[in-house]
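Novice: Fold the following, please.
(chains A and B)
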Amino acid sequence: MADLQERKLKDAHMRATINQKLVETGERERLKELLRARLIECGWRDQLKAYCKEIVQQKGLEHITVDDLVSEITPRGRSLVPDEIKKELLQRIRTFLAQQSNV
Amino acid sequence: MVEADFSHSELDPDMKDSLDALVEELIDEVSLGLCFEIHRSCKIGSFFLNGFDDTSDTEYAPLNAALVDRPGVDVLGQVPSKKNYECICPNCQRHLAASRFAPHLEKCMGMGRNSSRIASRRIANNQKQGSDESGQDDENDNDWNYSSEPKRIKRLKKDKVNNSPRNRKFSKLRNGGSSQDLASADTSENADSAPFYESMRIEERKALLLSSCGVISEHTKRMCTRTGKCVQHTDEQRRQVRQLLLRQSRAHDLEDIHIDIDTYDDAESQSLRESLQWEAASSPADSTSTNNSTTGPVNAGTSQKRKQRSTKSSKTKKSKLAKQSVSSSSSAGSNKEQSQHTLFDF
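Specialist: Below you'll find the model as predicted:
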């Protein structure tokens, strides 16, 4: 158990360190911009928008809130992202980390 | 230390989990941005602006399917062609091509350049003929009638100008000559003389009767347009027509003639009048013609004489004045009759 806890702590530490590194170098913003462009290219954005329309029509234009949209869209958005884009993103992060470790 | 961790991270499965979490975090951020954007467009009312309703899509689905996008045809797939628009004349209910509508209205309803004259004339004709000749109306509606009438009116107006007292002598000369010249030409015109004489004024009637035979046919109700010496009609018929047409305003006309003579008398000297009187008395031909006109017989000899006189209608005012003065001197009672016949003589 102690082993597991220690590992989680180590994971969190590692994630925070990577995140900090990405933000500091500005790589995170670049990654986000790349992801947005890829998602628009593959039609993810249009799919989600159509889904949003359904939600809005169900709930009514006046009664829709941001929380409703986020709770509905976030899981669907995750599942709809194509695997190639996820792989590309991971590859970009790894090369970045490798560059950082080499420096 | 951190750098050391990164160096062997590719072999570490935990490292992959944290990287997946990182990617999902990025995806969530992007979808959150989309949520904000959509929520904003919902609240400002622009969310459904750029799309189609389902209802409109289904409602006009057959129309959308039928739309054609090919060169050479319109969106409905029809070859564009010049359409012949038809108008219905509000007056006679006929169907007309749009390009012919304005000229037709000019003729049919009396709108246009010289149509007010035509229209008033037509109304007058219809009022007079509507009671007894209902069948004649259709003939009047025909377009060719209007083309022939204005021509005739113009001609009559020319005659009328020449018909003033000052020009009477000249016009008689002219009419006497032209009636002989046009003897053959006028016969062709016989058919298309419509019964418009009823709406003519007395001067116009006189002018017409001066230049033509004028006998009204029983069948066609039209006037004979041949010369005064037309062989189809007798002198008696001609005389009756003139009586009929000039009856209404005879008394008025008599006055006119007297005034005419008086003015002429004023202009000329008394000695000239006396010499004319003497000349008239000495000339046997004129005296016989005067006698003939006063008695007004119907035998064949008279018609011969009348023809002779019509050819001699180019005679100057002199002889007529002489006749007039002779008859006036003879008796006051016969004066009226005499002037009547001079009326027919023109």
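
Novice: B:Thr227 contacts B:Ser212, doesn't it?
Specialist: Yes. Using Cβ atoms under 8 Å, B:Thr227 makes contact with B:Ser212 at a distance of 6.5 Å. (C-beta placed from N, C-alpha, C; glycine too.)

Novice: What's the first helix or strand after the lowest-mean-pLDDT helix or strand in chain B?
Specialist: Every helix and strand of chain B was ranked by mean pLDDT, DSSP states H and E. The lowest is helix B:183-188, at a mean of 40. Counting by DSSP states H and E, the next helix or strand C-terminal to helix B:183-188 is helix B:202-211.

Novice: for the helix or strand harbouring A:Gln57, packing partners?
Specialist: Taking DSSP H and E as the definition, A:Gln57 sits inside helix A:44-59. Using 3 or more Cβ pairs under 8 Å, 6 or more residues apart in numbering or on different chains; DSSP states H and E as the contact criterion, the elements in contact with helix A:44-59 are helix A:66-80, helix B:13-43.

Novice: If you average the pLDDT over the longest one, what comes out?
Specialist: Helix B:13-43 shows an average pLDDT of 86 in the prediction.

Novice: Name all residues that make contact with B:Val73.
Specialist: Contacts here follow Cβ atoms under 8 Å, 6 or more residues apart in numbering or on different chains; on that basis B:Val73 touches B:Val79, B:Pro80.

Novice: Next, format the helices and strands packed on helix A:44-59 as CSV and append mean neighbour count.
Specialist: Putting these into CSV (neighbours: other Cβ atoms under 10 Å in any protein chain shown) gives the following:
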stretch, mean neighbour count
helix A:66-80, 16
helix B:13-43, 17
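
Novice: JSON lines please, covering the ones you listed and showing distance to A:Val23.
Specialist: Putting these into JSON lines (distance: least, Cβ to Cβ, whole Å) gives the following:
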{"stretch": "helix A:66-80", "distance to A:Val23": "22"}
{"stretch": "helix B:13-43", "distance to A:Val23": "11"}
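
Novice: Tell me which of those lies nearest to A:Arg36.
Specialist: Smallest distance to A:Arg36 across the helices and strands packed on helix A:44-59 (Cβ to Cβ): 5.3 Å, for helix B:13-43.

Novice: That closest one relative to helix A:44-59, how many degrees between them?
Specialist: Taking axes from the mean of the first three to the mean of the last three Cα atoms, to 10 degrees, helix B:13-43 and helix A:44-59 form an angle of 50 degrees between their directions.

Novice: quick one, what contacts A:Leu48?
Specialist: Listed by Cβ under 8 Å, 6+ apart, the contact set of A:Leu48 reads A:Ile73, A:Arg76, A:Gly77, A:Leu80, B:Ser31, B:Leu34.

Novice: Just name the closest of these to A:Arg45, please.
Specialist: Relative to A:Arg45, and with distances defined as Cβ to Cβ, the nearest of the contacts of A:Leu48 is B:Leu34, at 6.5 Å.

Novice: Please verify my assumption that that closest one contacts A:Lys49.
Specialist: Yes. At 7.3 Å, B:Leu34 counts as touching A:Lys49 under the criterion of Cβ under 8 Å.

Novice: could you measure the closest residue to B:Leu245 other than its chain neighbours against B:Val241, distance?
Specialist: With Cβ to Cβ, 6 or more residues apart in numbering or on different chains as the criterion, B:Leu245 has its nearest non-adjacent residue at 5.0 Å, and that residue is B:Arg205. Using Cβ to Cβ, to the nearest Å, one gets 10 Å for the distance from B:Arg205 to B:Val241.

Novice: Identify whichever of the helices and strands packed on helix A:44-59 lies nearest to A:Glu54.
Specialist: Checked against Cβ to Cβ, the stretch from these lying closest is helix A:66-80, at 9.4 Å.

Novice: contacting residues around that closest one?
Specialist: Contacts of helix A:66-80 (Cβ under 8 Å, 6+ apart): A:44, A:47-48, A:51-52, A:55, A:59, B:24, B:27-28, B:30-32, B:34-36, B:38-39.

Novice: following it, which helix or strand comes up?
Specialist: Scanning forward in sequence from helix A:66-80, with DSSP H and E defining helices and strands, the next element found is helix A:83-102.

Novice: What residues of that next one count as buried?
Specialist: Burial within helix A:83-102, assessed by neighbour count using 16 or more other Cβ atoms under 10 Å in any protein chain shown, is assigned to A:Ile85, A:Lys86, A:Leu89, A:Arg92, A:Ile93, A:Arg94, A:Phe96, A:Leu97, A:Gln100.

Novice: what angle separates it from helix A:66-80?
Specialist: Orientation note: helix A:83-102 sits at an angle of 90 degrees relative to helix A:66-80 (the same axes, to 10 degrees).

Novice: pLDDT below threshold where in chain A?
Specialist: A:1 (pLDDT under 70).

Novice: What about B:Cys230, how many residues nearby?
Specialist: Residues within reach of B:Cys230, counting by other Cβ atoms under 10 Å in any protein chain shown, total 20.

Novice: What residues of stretch B:218-233 count as buried?
Specialist: Buried residues in stretch B:218-233, defined by neighbour count with 16+ other Cβ under 10 Å: B:Arg222, B:Met223, B:Cys224, B:Thr225, B:Arg226, B:Thr227, B:Gly228, B:Lys229, B:Cys230, B:His233.

Novice: Those: which two are farthest apart?
Specialist: Taking every pair in the buried residues of stretch B:218-233 and measuring Cβ to Cβ, the maximum separation is 19.1 Å, between B:Arg222 and B:Lys229.

Novice: list residues touching both of B:Arg205 and B:Val241?
Specialist: Common neighbours of B:Arg205 and B:Val241, counting by Cβ under 8 Å, 6+ apart, are absent.

Novice: so, in contact with chain B or not, the host helix or strand of A:Leu34?
Specialist: Counting by DSSP H and E, the element that carries A:Leu34 is helix A:27-42. Yes. Where contact is defined by Cβ under 8 Å from any Cβ of the partner chain, part of helix A:27-42 touches chain B, namely A:Arg28, A:Leu31, A:Lys32, A:Leu35, A:Arg36, A:Leu39.

Novice: between those residues, which is closest to B:Lys43?
Specialist: Taking the residues of helix A:27-42 next to chain B together and measuring to B:Lys43 by Cβ to Cβ, the closest member is A:Arg36, at 22.7 Å.
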